[in-house]
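Student: Following is a predicted model, sequence given first.
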Amino acid sequence: MQKQIGSEFQRIGELVQASGMLDDEKEMAAGCLKKLPALCQSFCESYESRDVEAILRVERGMLARLTEPTDSSARARELAKVLSTRLGSLRDTSEHV
């Protein structure tokens with residue numbers, strides 16, 4: 001499972017880098033994404049609700065910043081939709097393990 005999580009976050013990171021977003025938007029998203037594999041691994045080992053809460057807090061914060069109508073680019077808003085779907089799929093996959 002850890003390998004699957006790592007490779008999925010690697011692919012998501014590649015989407016961020018290829019998105020054409022502004023550099024500061026990429027850096028923010030990449031910083032948030034770097035936190036998620038460890039949180040997911042911790043959840044897979046412990047099934048603690050605090051891990052789920054931390055994961056959701058990071059995801060929601062990142063997506064909210066990418067979709068701010070006044071501060072984000074159109075590419076950031078487009079990427080937020082893709083990331084929301086990919087992160088949701090990853091959560092669904094980990095729930096069935």
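Tutor: Sure, I can see it. This structure is a prediction, so every number in the text was calculated from the model and none was measured.

Student: And for L22, nearest residue in space, chain neighbours not counted?
Tutor: S73 (5.5 Å; Cβ to Cβ, 6 or more residues apart in numbering). Yep, even glycine has a C-beta here, placed from its N, CA and C like the rest.

Student: how close does the residue lying farthest from the centre of the chain sit to K3?
Tutor: Centroid-distance maximum for the chain: T70 at 21.5 Å, with Cα atoms, centre = their mean. Remark: distance between T70 and K3 (Cβ to Cβ, to the nearest Å) = 40 Å.

Student: again with A38
Tutor: Applying Cβ to Cβ to A38 and K3 gives a distance of 14 Å.

Student: what about these two, which has more around it?
Tutor: Neighbours per residue, other Cβ atoms under 10 Å: of A38 and K3, the larger number sits with A38, 12 against 7.

Student: element containing that one?
Tutor: A38 belongs to helix 23-46 when assigned by DSSP states H and E.

Student: show me where the protein has helices.
Tutor: 2-17, 23-46, 49-66, 74-95 (DSSP state H).
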